[in-house]
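everything below, folded, please.
(2 chains)
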Amino acid sequence: MQPDSAVLLAVLAIPFVGAALVPLVHRVLGERTAYYAATIAALCSGLLISQYERWGTVTVEWIPALDVSLVLYLDGLAFLIGLLASGIGVLVFIYSGGYMHGEPGQAKYYTTLLVFMGSMLGVALVVDLLSLFVFWELTSVASFLLIGHYQRADRSLYASRKAMFITVSGGLFMLIGFLLLGHISSFVLDGSTFTLIGTEQSLIGIPGEVTHAEAIRHELVERGLFVPVIGLIAIGAATKSAQIPFHIWLPDAMEAPTPVSAFLHSATMVKAGVYLIGRFRPLFVPEHVFAAEVWTWLFVGLGLATMTIAAMLAVSATDIKELLAYSTASHLGLIVAGFGFAETVGAETGAFHILNHAAFKATLFLVAGIIAHEAGTRSIDALGGLRHDMPIVAAITAVASLSMAGIPPFNGFYSKELLFDAAWETAHHFGGLTWLLPVVAVFGSIFTFLYSIRFLWLFFGDRPTELGEIHRPPLAMLLPAGVLAIIVLVLSLGAAPIAHDFVNPIVKSSLIATPEGYHFSVHLPHALKPPVLMSVVTIAGGIAMYPFYDRLHHGIRRLRSIALLSPNQYYDRGITGIAHVSDVVPRYVQTDLMRTYAAVVMSAVSVFALGGYLLGGTGTDLTEAVSGVNLALPITIILAVAVVGALAVDRAPSHIAGVLTLSILGFTVAVFYVLASAPDLALTQLVIETLVLVLFLLVLDRLPAFYGELRRGRAILDGLIASGVGLTVTITVLVTTAADPSDGIAHFFVEKAPVPAEHGTLITDAGGGNNIVNVILVDFRALDTMGEISVVAMAALAILTLIGMRNRGERA
Amino acid sequence: MSAIVAAPLLVALGGAIGCLLMRSRPRLLRGVSLLGGVGYLLATVALARAVFADSDAILVYYLSGWQAPYGITLVADRLSVIFIGLTAIVSLAALWVSVRTIDASGQRISYHALYQFMVVGITGSFLTADIFNLFVWFEVMLMASYVLVVFHSGPEQTRAGMQYVVLNLLGSAVMLLAIGGLYATTGTLNMADLARRLAEPAAYGIAPGPVLGLTGLLLCVFALKAGLVPFQFWVPGAYQAAPPPVTAMLAGVVKKVGVYAIIRLYFSVFAVATIPDSGGLSVVAGEPFLVVFGGVILVMALLSILLGGIGATGRNNLDELLAYSSISQVGFIVLPLAVAATTLPGDSLFRAGVLATIVYAIIHGFAKGVLFLVSGAIEDHVGTLEFSQLGGISEQAPVLSGAFFVGGLTLIGIPPLFGFFGKLLVFKVGVEAQNTIGWIAVGATLIGAILTITYVTRAWERAFWGPPNEFVEELTVSPSVVAVIAGLAIIIIALGIGFQPVYELANGATSAVIDTDAYVRAVLGPESAHAIGGGLR
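This is a model prediction of the structure:
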């Protein structure tokens, strides 16, 4: 049965409409806006649940010109992510009602959080890659605003900028990957598409009916784009899902209010990356293979490395939220690795762990918020024995952290078993170095066990004496955590039926085809198979190492303080480095020195023009032009005088001498005009020269007499540039004056203008004048003349302004 | 012949003259100026309706009734109308902010007349089909902007104004040389006539070689106007010196005149020309002019993106940061042209490239309009734009800050804002080119976009977040100014979500660029265009 398009669109639209209304609602409800937002989230999850198992596609046209539509596709995976976004949304909003009590900027907080929820629903439901990208980036922007919620604190600013920088940059890489896929699709399908799945003309096709995956892969390989596309998408996913080395933004993101951390930075937004990997899995992982080309090794490597390293970093954490942040990165690594494995069990790992992790990690974040709120500290060393003050919270924590540790019969155990299974099977098949995979998986899991127990120990052990009075958490905060813990319990105790019914379609979303008679199932182990042994090793190893937790903690801290190994150092140095490089620009480029500017600009002008002449092969035109030059003796003499005048200007010892020699140049030009039969130009030139001379003389005594020594090197350089400009102009004049195009507009005037008796009366009749120059100026090109008149008018205004505003300027 | 073509030009000119006449009546002066702005918008709407009434109309107006190419011709097609539309909206918004923020004596002395004259120059440049007339409109626009840049006449303004004037006077001299040269070598000034002649140079006795050099010379002028590296020197100084609404116009619209001229002349008129086979030394003999244009534009675009982007990241003054950003963004604007130039106008990649440039130019007009108006509003009230003196503005002026945020995100290219589609189209052109220049364009856009994230987040966190100081705490911006700025921000959001019609407009404009043949026929008459590929395009 197809999903109801109106309902799906409503799920997407309601959060945004709700967000737009927050400023109004907040005026009426104040802090109770939390419950308004929770209602909206509940409405969305209700609507979404009403569409359960109505898998299918809804298409709304958006930008047909770019082949972009809003394609909503509901299947198991989309439903899961959508349900997490809206369902955990409900709990987080209720929790916020308690947590944000008395905090500033609540209207902004709830608006952004609702926008985030809508965007996350968009990421879950939309499968048109460009439309998906819209929501993808909006989640990053919402995350930026929420991490920077405490906008007066430097740490918030640092953290939010870092998150934005990493996630949005990563998104751009991903966008290029999407565009490449869209481009490739046009060679495989009827026209290009950005729809990933769910329609006949989509990249993957409709599961069980049409598949284009293999053809697309083939085309990508043919064009050498296979590795680039996977790599670009991987960068997008890895930055969003905090995979190594991009994980560094996540611990800093803990500057956000804790409900935000629980919602965005553990349960939903960071899941976007792994979701995308799961979504793309059918495109790149064919049926019946033990390893998909590039895909498997890239994602298994990335995932297991992140899982292990982030788990170790979690052990080194000193702050409970920091611990949870690293733990989140680690578990996301587990999911990435799961989706990386090509066998069905890989998809099972990824799908099931998305659900399990969201449940136990959101619980733990809410617990962390309660601890910070009620105990007033987040320092691991300063906390302990909290079970006395908060027995219910202790029980909640026990359920969630045992699940996180992967201890049976809790739900976290099942998905970890699946990972072990996948790693073992792959190693078994390929042998050799691949045996490292199960080893690393176990190694990383030991650390997971360690920090999970450490977190749980906040509630047991001794209560530090310096820990002050601890309040009971308000119901609004306790209730959501309790509900989540119950969900963890349900998932744990009902693992088998839930896997069979609810998770089965989620797994299928990441498979290109379902094997005959396949059905996802989990159960507690009843035989000692390799994965079970691996779990035994993990737990035994964890218990054995726990007494040395402090030593491990300090050891890893020492390791991470090595600058060379720390991606944070690279980020910080990069950001400060770019600022340093940036200072070079004003220092060496925008020097504020007119001479530099003019020199560069005029050099470029010469290069552009001379380059054009050279590339255009103007050599022959030039030689013809030069041979065509025929100067009479008087003109030659006058031009020689002009050259001497020009040289004299450069050598002039004083301003007066300079101005006078400059006017020699000007007057020789006037004489040149006379000799070239242009008396009107000569007249104009004489007037201008005289005026310039007078003006110069008026201001000369205001100028400084001495500007400084001119360095020889500089003089030579300037001389070369000036020669280049001279050469440019000379060549331009030579080749252009030598040109003789036929039938130009000049011919028209030459033909029509002379004596009317012979040439017709067009000019006199229509132009109303007997002098062709005048007719051209005031009739043919009247608009030019008008424009120039307005320039003159503005010149007058300029003087008026400079005089009128001068006093004001000096005052200011 | 359609007289409506001249309407926006006449309205602006009328506004300018009206402002000159009303100098002694301050209230009336403002009224006339605003009336001019509104009238300009209405005239633009009327012109747009006339152009879009027919799916590919090219409206022509022969001044004084002199047939092209002998007189001056004005042409309104889908390309010019888009740019005039941008001008109408941004200039009206900036005008309103001017009325509210420029001090009364300044408004009375000359501000409004100059502002209107600037709009006259811009409009003339978009409408004219005559390269010498283009020079005249450039002069009108520049003369007005010279005075507006030094308007406050303080030491900073005088210094920046001096640099601006000197560089642009050099530019004017070069432009005159190039246009004179083009006239001498081709025998015409009319753009359509130029295209006709360059497509068949032998028939008109034209040597294409010198023409290539002259186009190189002329390109310097447009690059100077657009602020592309290595002609960018005037940008940071002038943008900081000018009154904020003028900066919004300079960055938002005046720069686009350079971009428009590059599109119109280099990708339509000169695009038909070929380098002669007898090129001798030339490595590009027999290739279209476009090959050379593409190479030059590519280098300028890459340098602009990097220099502007890197320059912006470390700046400690909001306006200075935005000015550097503007250098970088113009690099993005012209980058797709370099990719387009690897093919011929008939190719779909050529279309995609030109289209991306047009869309990006419009985006940048709105984005920089918003950003500079916000920075201007802050400067007016806080008295400085140094980051060390700013902070926490979002607490004090949430709507104004929201507008800045939208403007900043659109520069980065965050969807679904308008700016996203600029980045998207540039990436798309690069990806679809599947050649080296395409990959270079993709790489440069990526690096440039990451730099944009760096400086936009920095500007936001230094000025709008953080603890507010006592000056910021007293920040109160006039509601009508905030409303105008917010209106522009809403346009940015709306044009993103409703991108389809924008795409269609830009696509129409691109068709107008590609179909040089139709342009020639419209201007010179139906029989004139036989030379250009016989109506191939």
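
look up phi and psi at the residue of the stretch 651-800 of chain A found nearest chain B.
In the stretch 651-800 of chain A, the residue that lies nearest chain B is residue A:744 (2.2 Å; Cβ to the nearest Cβ). Heads up, the C-betas are built off the backbone N, CA and C, glycines and all. With angles defined as degrees, to the nearest 10, residue A:744 shows backbone torsions of phi -80, psi 170.

list the contacts of it.
With contact set as Cβ atoms under 8 Å, 6 or more residues apart in numbering or on different chains, residue A:744 has these partners: B:186, B:187, B:188, B:204.

let's see 7 Å
Residues in contact with residue A:744 (Cβ atoms under 7 Å, 6 or more residues apart in numbering or on different chains) are B:187, B:188.

same deal with the one 5 residues further on?
Residues in contact with residue A:749 (Cβ under 7 Å, 6+ apart) are residue A:772.

what helix or strand does it sit in?
Following DSSP states H and E, one finds residue A:749 within helix A:745-752.

contact partners of the helix or strand that that helix is followed by?
Next along the chain after helix A:745-752, taking DSSP H and E as the criterion, comes helix A:756-759. Here helix A:756-759 makes contact (Cβ under 7 Å, 6+ apart) with A:751, A:752, A:753, A:764.

which of those residues are buried?
Using 16 or more other Cβ atoms under 10 Å in any protein chain shown as the burial test, those include A:752, A:753 as buried.

in TSV, list the contacts of helix A:756-759 along with pLDDT.
Formatted as TSV, the contacts of helix A:756-759 follow (pLDDT from 0 to 100):
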residue	pLDDT
A:751	86
A:752	84
A:753	82
A:764	84
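
could I get the contacts of helix A:756-759 as a markdown table with distance to residue B:316?
Output for those, formatted as a markdown table (distance: Cβ to Cβ, whole Å):
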| residue | distance to residue B:316 |
| --- | --- |
| A:751 | 65 |
| A:752 | 63 |
| A:753 | 63 |
| A:764 | 67 |
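
of all the contacts of helix A:756-759, which two lie farthest apart?
Farthest pair in the contacts of helix A:756-759 (Cβ to Cβ) is A:751 and A:764. Separation: 14.2 Å.

list the buried ones in the helix or strand in which residue A:719 is found?
Assigned by DSSP H and E, residue A:719 belongs to helix A:712-738. Using 16+ other Cβ under 10 Å as the test for burial, helix A:712-738 gives A:718, A:721, A:724, A:725, A:728, A:729, A:731, A:732, A:734, A:735, A:736, A:738.

touching chain B at all, it?
Yes - residues of helix A:712-738 contacting chain B under Cβ under 7 Å from any Cβ of the partner chain: A:729, A:732, A:735, A:736, A:737.

residue A:605 versus the second one, what's the distance?
Residue A:732 sits 11 Å away from residue A:605 when distances are taken as Cβ to Cβ, to the nearest Å.

common neighbours of the two, please.
Taking Cβ under 7 Å, 6+ apart as the contact rule, residue A:732 and residue A:605 both touch residue B:217.

burial measure for residue 285, as a count.
No chain was given, so I picked chain A. For residue A:285, the neighbour count with other Cβ atoms under 10 Å in any protein chain shown is 26.

try chain B instead
Residues lying near residue B:285 (other Cβ under 10 Å) number 17.

nearest residue to whatever residue of chain B ends up closest to chain A other than its sequence neighbours?
Across chain B, the shortest distance to chain A (Cβ to the nearest Cβ) belongs to residue B:187, at 2.2 Å. Leaving aside its sequence neighbours, residue B:187 sits nearest to residue A:744 (Cβ to Cβ, 6 or more residues apart in numbering or on different chains; 2.2 Å).
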